[in-house]
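> Show me how the following folds:
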Amino acid sequence: MASRKAVAEKIDDVLAGIRVPDLPYPAGKPSPETTNDWQALLFSCWTEQRNERVTHVLRSVHLDWSVRQINAAYVADRIMDVFLKTSGLHTALALRIARLRFYLAWRMNLEGNLAFSDLLLNWLDSFHEWRGWSDSGGRSSKALLDQLDALVVAVSASFNSGASSAVDTFCSQWQEDSARRNAQTGKLRQRLQETERGAARQRRSDQTSRALIGRALQGRKLPQPVLHFIFDHWQRLLKQAVWDSGINGETCRHGSKLLEWLVWIGDPALSDNDRDRLYHVGEQIGDRLVDVWSRVFEHPLTPNALAGIGAVMMSRLRGETPELTDALPDDHSFPWNPAWLSFEAPPHKEFKPYEEQWFVEGEGAAEQRRFFCAFLEDTAEILWTNGTGVKLGLQPWQAFCQSRDAGSIRPLPALTPFGEVLEETVHLLAVACEKQRKQREKAAEAAKARADALRKENQAAELKRKQQEAERLALLERHRQELEDQRLADEQAEQEQLYTQKTLLAQKQVTAINLGGWILVNAERPESEATRLKLAVRTNASRKLIFVDRLGLNRREFLEDELVLGIVEERIRVLGGAAEFDETLSRVVGRIRVGRH
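Sure thing, here's the model as predicted:
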């Protein structure tokens with residue numbers, strides 16, 4: 001029980017962890033509020049006593065069930081399917097018990113391994129007592145079915161109340177009834193054996209006496225008084241003699257010999273040829289019959305019993321031929337078997353292994369089971385019972401051996417108690433569940449490794465992309481910078497060239513200013529007006545130019561280079577040649593830009 005309870009505790013792990021292909025598991029993880037209550041559904045299946053699987057019932061209705069419900073249904077089905085195949089109980093009985101799958105699925109979903117209480121396990125294990133039960137329709141067969149009808153009521157009460165107390169009470173009451181029944185069964189079996197052994201001994205005595213008489217009378221015709229004595233008195237003596245000491249006992253041998261003498265005396269075909277011996281035997285036959293009778297029975301053989309023998313004897317001694325009749329009638333009113341005269345029981349070692357063993361005939365629901373209660377050595381017959389002291393019949397040993405060799409009767413395989421079925425099934429499911437858990441862990445680790453590898457790969461790709469992008473941007477920046485540098489260089493070259501051209505133009509203008517030529521000098525402050533000045537003096541030696549305003553005042557001196565620089569910087573304009581200067585400058589700028597492109 002301890003090992004079974006330890007294994008039963010693994011049910012909780014199985015209910016939570018196992019996943020079975022093709023079962024209608026919910027998608028995702030539904031909330032308890034969305035899980036359907038299946039108590040009414042399972043209750044109806046139990047009430048109707050269906051023989052289908054719980055998982056089949058769940059598939060037949062389009063509702064959402066929790067993982068625990070699905071697994072509870074599967075575990076209950078698996079346990080009961082194995083029980084049906086391996087329990088060894090009669091098919092009809094195993095089917096009745098297997099319907100508990102609906103109750104067990106319901107309780108496992110609620111309580112896990114606690115659904116298999118000690119009371120329930122002990123009760124289910126106790127069914128090995130009914131290994132010999134057959135659906136024979138007899139009183140003992142119906143009694144068990146009536147008890148199982150009470151189980152239907154008890155389980156229904158548990159469904160109604162939502163608790164297992166009604167089933168526990170039923171199991172407890174069943175065990176008490178079983179204890180009382182087992183106490184009675186031993187007494188009934190012993191009493192039946194004693195009765196049947198006595199009856200077997202009686203049958204052997206009767207059959208042996210019949211065989212002795214049949215052998216002696218076969219084919220003979222005897223006077224009716226002799227036949228009356230043999231059947232009315234001497235058969236009873238032979239039967240009792242065989243009972244007391246067997247066919248080889250001294251009394252039986254004497255009784256059988258005297259039977260032969262009676263036949264010899266009464267049959268003229270045997271005794272007419274030896275009159276002296278007939279006289280001698282006839283003189284002693286009466287005393288010898290009385291002597292053997294007194295050895296067997298306490299009451300004496302009455303004179304009237306011997307009167308007929310005496311009359312026949314006197315008639316035979318006078319040489320008369322008495323009226324004869326067939327010793328054994330043709331209508332077989334006196335059946336006998338000569339095999340009883342050489343009967344020997346089989347050796348003890350041949351039948352002993354079969355005693356107190358169960359055997360079965362037939363297949364499936366039609367099979368009939370019987371208990372080898374005892375071997376009746378006096379008749380070499382098997383006493384078959386139903387295991388509870390109720391006689392099913394007798395079978396000759398030779399007929400049993402022939403049926404056994406032909407396979408029509410076979411030993412009942414050892415039963416597998418429910419507890420072992422539970423233990424082995426849950427152990428296998430726990431192993432499968434653990435294997436699945438490891439596979440899931442391995443798959444999770446592999447997925448994590450793949451994710452890590454993918455993340456690293458993505459990171460490397462992103463880093464590479466960023467590097468490539470940085471390189472591209474750097475390249476673009478270099479190109480842009482090169483273009484910018486080139487543009488700046490071009491602009492600088494253009495500016496330098498332009499500056500040079502402007503300087504040359506400015507120098508030409510300065511050189512071309514004659515005395516009295518006017519210039520416009522921009523004011524240094526924005527709010528002031530530009531000043532118009534006229535060239536008054538040009539000094540070639542010092543390259544100096546002196547300008548005055550129109551009144552000849554505000555003298556200003558400029559070196560040629562200074563004046564050229566002012567024109568280039570557009571602080572000073574030469575009046576009169578300004579338009580020509582601008583036009584020339586525009587043509588120069590155009591040529592410079594065209595040449596650059």
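
> can you list contacts of stretch 106-116?
Stretch 106-116 is contacted from outside by 5, 8-12, 15, 38-39, 42, 68-69, 72, 75-76, 104, 159, 164, 422, using Cβ atoms under 8 Å, 6 or more residues apart in numbering. From N, CA and C alone the C-beta is placed, and that goes for glycine too.

> any chance you could map the strands in the stretch 451-597 of the chain?
For the stretch 451-597 of the chain, applying DSSP state E, counting those that start in this stretch gives strands covering 518-521, 531-539, 544-548, 556-559, 572-574.

> Centre-most residue in the protein?
Arg78 (3.5 Å; Cα atoms, centre = their mean).

> Quick check: it touching Glu424?
No - between Arg78 and Glu424 there is no contact under Cβ atoms under 8 Å: 10.7 Å.

> Excluding chain neighbours, what is closest to Phe285?
No, residue 285 isn't Phe; it's Ile. Trp261 (6.1 Å; Cβ to Cβ, 6 or more residues apart in numbering).

> Show me the shaky parts of the stretch 1-150 of the chain.
Counting by pLDDT under 70, the stretch 1-150 of the chain contains low-confidence ranges at 1-6, 30-34.

> can you rerun that using 80?
Along the stretch 1-150 of the chain, the model assigns pLDDT under 80 to residues 1-9, 27-35, 136-141.

> Can you name the helix or strand that Asn182 falls in?
If you go by DSSP states H and E, Asn182 is part of helix 165-217.

> Remind me what that helix packs against, helices and strands.
helix 118-125, helix 139-161, helix 235-245, helix 250-266, strand 368-376, strand 381-385, strand 391-396 (3 or more Cβ pairs under 8 Å, 6 or more residues apart in numbering; DSSP states H and E).

> Show me where the stretch 351-500 of the chain has its helices.
Under the criterion DSSP state H, counting those that start in this stretch, the stretch 351-500 of the chain contains helices at 397-406, 418-512.

> per-stretch mean pLDDT over those, give me the minimum one.
Ranked by mean pLDDT, the helices of the stretch 351-500 of the chain bottom out at helix 418-512, with a mean of 85.

> re the thing from before, and the residue nearest to the centre of the chain, that's in a helix?
Yes - assessed by DSSP: H, G, I helix; E, B strand; the rest coil, Arg78 belongs to a helix.

> ok, and the closest non-adjacent residue to it?
Thr425 (5.7 Å).

> What is the burial count for that neighbour?
21 (other Cβ atoms under 10 Å).

> same thing with Phe116?
Residues near Phe116, counting by other Cβ under 10 Å: 25.

> and it, how far is that from Arg139?
As judged by Cβ to Cβ, to the nearest Å, Phe116 and Arg139 stand 33 Å apart.

> what's the answer for Ala536, then?
To Arg139, Ala536 is 162 Å away according to Cβ to Cβ.

> Give the residue from those two that has the larger number of neighbours.
With neighbours defined as other Cβ under 10 Å, Ala536 and Arg139 compare such that Ala536 has more, 16 against 8.

> So the more buried one sits against Arg550, correct?
No - counting by Cβ under 8 Å, Ala536 sits too far from Arg550 to count as a contact (11.1 Å).

> Please tell me I have it right and Ser156 contacts Trp46.
Yes - contact criterion Cβ under 8 Å: Ser156 and Trp46 qualify, at 6.8 Å.

> Settle it for me: which of those two has more neighbours?
Higher neighbour count among Ser156 and Trp46: Trp46, with 20 against 16, using other Cβ under 10 Å.

> what's near enough to touch the more buried one?
Here Trp46 is in contact with Arg99, Phe102, Tyr103, Val152, Val155, Ser156, Phe159 (Cβ under 8 Å, 6+ apart).

> Mind giving me the ChimeraX command for buried ones among these?
Only the buried members of these enter the following ChimeraX selection, criterion being 16 or more other Cβ atoms under 10 Å:
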select :99,102,103,155,156,159
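
> and which of the contacts of Trp46 is nearest Pro223?
The shortest approach to Pro223 among the contacts of Trp46 belongs to Val152, at 72.8 Å (Cβ to Cβ).

> And that closest one, how far from Ala72?
Val152 is 21 Å from Ala72, by Cβ to Cβ.

> now swap in Ala157 and tell me
Ala157 is 21 Å from Ala72, where distance means Cβ to Cβ.

> same thing with Val568?
Per Cβ to Cβ, Val568 is found 103 Å from Ala72.

> likewise Glu48?
Counting by Cβ to Cβ, the gap from Glu48 to Ala72 is 20 Å.

> same check, this time on Val263
83 Å.

> How about Phe297?
Distance, Phe297 to Ala72, using Cβ to Cβ: 76 Å.

> These two: which is more packed in?
Ala72 (26 against 13).

> Assumed that one was part of a helix.
Yes - counting by three-state DSSP, Ala72 falls inside a helix.

> Please report phi then psi for the residue lying closest to Cys433 once chain neighbours are set aside.
Leaving aside its chain neighbours, Cys433 sits nearest to Ile18 (4.2 Å; criterion: Cβ to Cβ, 6+ apart). The phi/psi pair for Ile18 (degrees, to the nearest 10) reads phi -80, psi 150.

> what's the burial count for Ile18?
21.

> give the contact list for it.
Ile18 neighbours (Cβ under 8 Å, 6+ apart): Asn71, Tyr74, Leu429, Ala432, Cys433, Gln436.

> Repeat that for Trp65.
Pro24, Pro26, Thr35, Asn36, Trp38, Leu58.

> of all these, which comes closest to Gln507?
For the contacts of Trp65, the nearest to Gln507 is Pro26 (98.3 Å; Cβ to Cβ).

> For my notes, confirm that closest one occurs in a helix.
No - Pro26: not assigned to a helix; according to three-state DSSP it is coil.

> Contacts only, for it.
Going by Cβ under 8 Å, 6+ apart, Pro26 touches Asp64, Trp65, Ser66, Val67.

> Same question for Arg189.
The neighbours of Arg189, taking Cβ under 8 Å, 6+ apart as the test, are Cys373, Thr385, Thr388, Gly389.

> go on, Ala27?
For Ala27, counting by Cβ under 8 Å, 6+ apart, there are no contacting residues.

> one step back: narrow the contacts of Ile18 to those that are buried.
Buried members of those, counted by 16+ other Cβ under 10 Å: Asn71, Tyr74, Leu429, Cys433.

> Identify the farthest-apart pair in those residues.
Farthest pair in these, by Cβ to Cβ: Tyr74 and Cys433, 11.2 Å.

> ok so, going back, pLDDT on the helix holding Asn182, on average?
On average, helix 165-217 scores 90.

> Could you check how far that helix is from the centre of its chain?
41 Å (Cα atoms, centre = their mean, to the nearest Å).

> And for stretch 52-72?
How far stretch 52-72 lies from its chain's middle: 15 Å, per Cα atoms, centre = their mean.
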